[in-house]
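Undergrad: I need the structure of the sequence given here:
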Amino acid sequence: MDAIWKLAAVAVLGAGLSACAGGGSREVYTQMPVLKGRNLAEDTGGAPMQCVPYARNNSRIKLFGDAWTWWDKAAGKYPRGSAPETGAVMVLHDYAGPEHGHLAVVRNMISSREIRIDHANWLNDGSVFINNPVLDVSQDNNWSMVRVWNIQTGAWGTRIYPVKGFIGSRNETEDRDRDSRPDRVASAAPDGPARQLH
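TA: Numbering: from 1, shown residues only. This is a model prediction of the structure:
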């Protein structure tokens, strides 16, 4: 009989705690988004991996050259869009100067403002980051600015990164307008050695 009372007390306590957890709003920038699965940094078991070969090998986008050149190189070869789609390559740009970029493959669409990406060398250590959360923090909900979940600290990163767009997305008409704005025109510099800074 004593065991039954203990079980009943645990059930009541559990119900009370779940009621507390269900109410109120949660701070989007401080808590890990809810998703089945996990995020992790994989040891590649060999030479450090860079974002460019990782994106090329793990997407249908087969371009070469520095990450910051991919957006222009994709013109006329692959669809380009301003909104993410599963399998598209996200192009970050101009966050530490015009010749700095980063590429990531969109793994999952979580909501209109949240995705998961797979990418390499995000923290300049050659690791491959799988299922890494990314949040659209642009004022107009247009994916022009994002925050990236920091797997090592377990919190949203403090930096906001500008997004050039998504190669492999099918909303190219929208991008023609976006590319025509003076602040979005990319320079047509020749390819150089692969470079990534974060």
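
Undergrad: any weak-confidence spans in this structure?
TA: 1-46, 171-198 (pLDDT under 70).

Undergrad: hey, where'd the helices end up in it?
TA: In the chain, the helices defined using DSSP state H lie at 2-22, 51-57, 70-74, 172-179.

Undergrad: could you say what helices and strands the second one packs with?
TA: Using 3 or more CB pairs under 8 Å, 6 or more residues apart in numbering; DSSP states H and E as the contact test, the elements touching helix 51-57 are strand 101-111, strand 114-120. All C-beta spots, glycine's among them, are computed from the backbone N, C-alpha and C.

Undergrad: do the same with the shortest one
TA: Judged by 3+ CB pairs under 8 Å, 6+ apart, the packing partners of helix 70-74 are strand 89-93, strand 161-167.

Undergrad: out of the ones you listed, deepest packed?
TA: Most buried of the helices and strands packed on helix 70-74 by mean neighbour count (mean count of other CB atoms under 10 Å) is strand 89-93; its value is a mean of 26.

Undergrad: quick one: residue 128 and residue 117 touch, right?
TA: No. Counting by CB atoms under 8 Å, residue 128 stays clear of residue 117, with 11.2 Å between them.

Undergrad: So those two - more neighbours on which side?
TA: Shown here are residue 128 and residue 117; by other CB atoms under 10 Å, residue 117 has more neighbours (26 against 20).

Undergrad: check contacts around the closest residue to the more buried one other than its chain neighbours.
TA: Using CB to CB, 6 or more residues apart in numbering and skipping the chain neighbours, the partner closest in space to residue 117 is residue 104 (4.0 Å). Remark: with contacts taken as CB atoms under 8 Å, 6 or more residues apart in numbering, residue 104 is in contact with 51, 55, 89, 90, 92, 117, 118, 119, 122, 132, 134.

Undergrad: One more pass at 7 Å, please.
TA: Residues in contact with residue 104, defined by CB atoms under 7 Å, 6 or more residues apart in numbering, are 51, 55, 90, 117, 118, 119.
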